[in-house]
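A.B. asks: Using only what follows, build the 3D model:
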Amino acid sequence: YISENVKGIGKKIATNIINTFEDETVNIIRNHPDRLSEVSGLNEEKIDRLKEFFINEWEKWNAVQYLSSFGISALVASKIYENLRGDTITIVKENPYSLLNFVKTIDFKTIDVIGLNQGINIENEDRVCAGILYALNATTEFGHTCIEEDVLISYASEILKVSESVILHNIITLKMEEKIFIQNIEDIDYVFRKAFYLAEKNITDNIIAHTIQNPSKKSYKKEIELVSEKQSLILSDEQKDAISTCLNNSISVITGGPRNR
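C.D. replies: All right, here's what the predicted structure looks like:
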């Protein structure tokens, strides 16, 4: 933390400081800076910078120190503080799971350590809702835009170590708050992340808008033959039909692998 924030003090000197004063380091810097001359590599200029930094950044240091006690790195703790400022410790104590809304580089498991260490009940609504969103996000890392509700309930229950009824109750809460969306497809309920649901809805709306068109069709037979001849391509009737279909429609779906010439 010191080496990343105080100009002129690298990791080696920072390590010397910590090794010299151990748990009293911060107290020495703030209240007895004259003793810093005992540390090899520290001159008067560097001592002044160090002292000034801790005076100005005392609030931040407290927050970083508090978060570090839960195994969060000083770098990530600093980012949390940059988002929450003087409210950092208060917010973490009241609802550590709210950190997931502010810092994208922290995952649920890290925050859950803080929550459980602070004595938060495993069925706490904030914890369970955050865990459900974590489980849902984890499934989308494999390319899925949604997951069957029954599968999500089972997966989240395993992660959070709570009953499936508790998971279902909190899924309803998340749905009411529009943090997730549920869509029934062929009698199966699928759960979507909000961003993915809105993205798919936007795609669907655009497809519908682009497919409302004049039913008249044009023949592109001459154009296809002309280009095929220029490019020395030999196309089957099926391929020619496919090209005509694409040219006559705003949107086309092409499936299947490439064909060897």
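
A.B. asks: which non-adjacent residue is nearest residue 160?
C.D. replies: Excluding its sequence neighbours, the residue lying closest to residue 160 (C-beta to C-beta, 6 or more residues apart in numbering) is residue 131, at 4.4 Å. From N, CA and C alone the C-beta is placed, and that goes for glycine too.

A.B. asks: Which strand or helix spans that neighbour?
C.D. replies: Using DSSP states H and E, residue 131 falls within helix 125-140.

A.B. asks: Averaged pLDDT, that helix. What do you get?
C.D. replies: Helix 125-140 shows an average pLDDT of 92 in the prediction.

A.B. asks: Against which helices or strands is the next helix or strand after that helix packed?
C.D. replies: Per DSSP H and E, the first helix or strand lying C-terminal to helix 125-140 is strand 146-148. Applying 3 or more C-beta pairs under 8 Å, 6 or more residues apart in numbering; DSSP states H and E, one finds that strand 146-148 contacts helix 125-140, strand 188-193.

A.B. asks: low pLDDT regions in the stretch 1-150 of the chain?
C.D. replies: In the prediction, the stretch 1-150 of the chain carries no residues with pLDDT under 70.

A.B. asks: Tell me which residue lies farthest from the centre of the chain.
C.D. replies: The outermost residue of the chain relative to its centre, with distances by C-alpha atoms, centre = their mean, is residue 222 at 51.8 Å.

A.B. asks: Tell me the buried residues in the helix or strand where that residue lies?
C.D. replies: Residue 222 belongs to helix 221-230 when assigned by DSSP H and E. For helix 221-230, the neighbour count (16 or more other C-beta atoms under 10 Å) marks residue 224 as buried.

A.B. asks: outside of that helix, which residues touch it?
C.D. replies: 233-235, 240, 243-244 (C-beta atoms under 8 Å, 6 or more residues apart in numbering).

A.B. asks: Just say which of the helices and strands packed on strand 146-148 is most tucked in.
C.D. replies: helix 125-140 (a mean of 20; mean count of other C-beta atoms under 10 Å).

A.B. asks: relative to strand 188-193, how tilted is the helix holding residue 131?
C.D. replies: 100 degrees (axes from the mean of the first three to the mean of the last three C-alpha atoms, to 10 degrees).

A.B. asks: ok, the residue nearest to residue 160 - contacts?
C.D. replies: 108, 112, 156, 159-160.

A.B. asks: Using the three-state scheme, assign the residue nearest to the spatial centre of the chain.
C.D. replies: Closest to where the C-alpha atoms of the chain average out (C-alpha atoms, centre = their mean) is residue 104, at 4.5 Å. Secondary structure, DSSP: H, G, I helix; E, B strand; the rest coil: residue 104 is coil.

A.B. asks: State the distance from the residue lying closest to residue 50 once chain neighbours are set aside to residue 45.
C.D. replies: Take residue 50 and drop its neighbours on the chain: the residue closest to it by C-beta to C-beta, 6+ apart is residue 6, 5.4 Å away. Using C-beta to C-beta, to the nearest Å, we find residue 6 at a distance of 11 Å from residue 45.

A.B. asks: more neighbours, the two?
C.D. replies: For residue 6 versus residue 45, neighbours defined as other C-beta atoms under 10 Å are more numerous around residue 6 (21 against 10).

A.B. asks: Surely that one touches residue 53?
C.D. replies: Yes - the pair residue 6 and residue 53 passes the contact test of C-beta atoms under 8 Å, sitting 5.2 Å apart.
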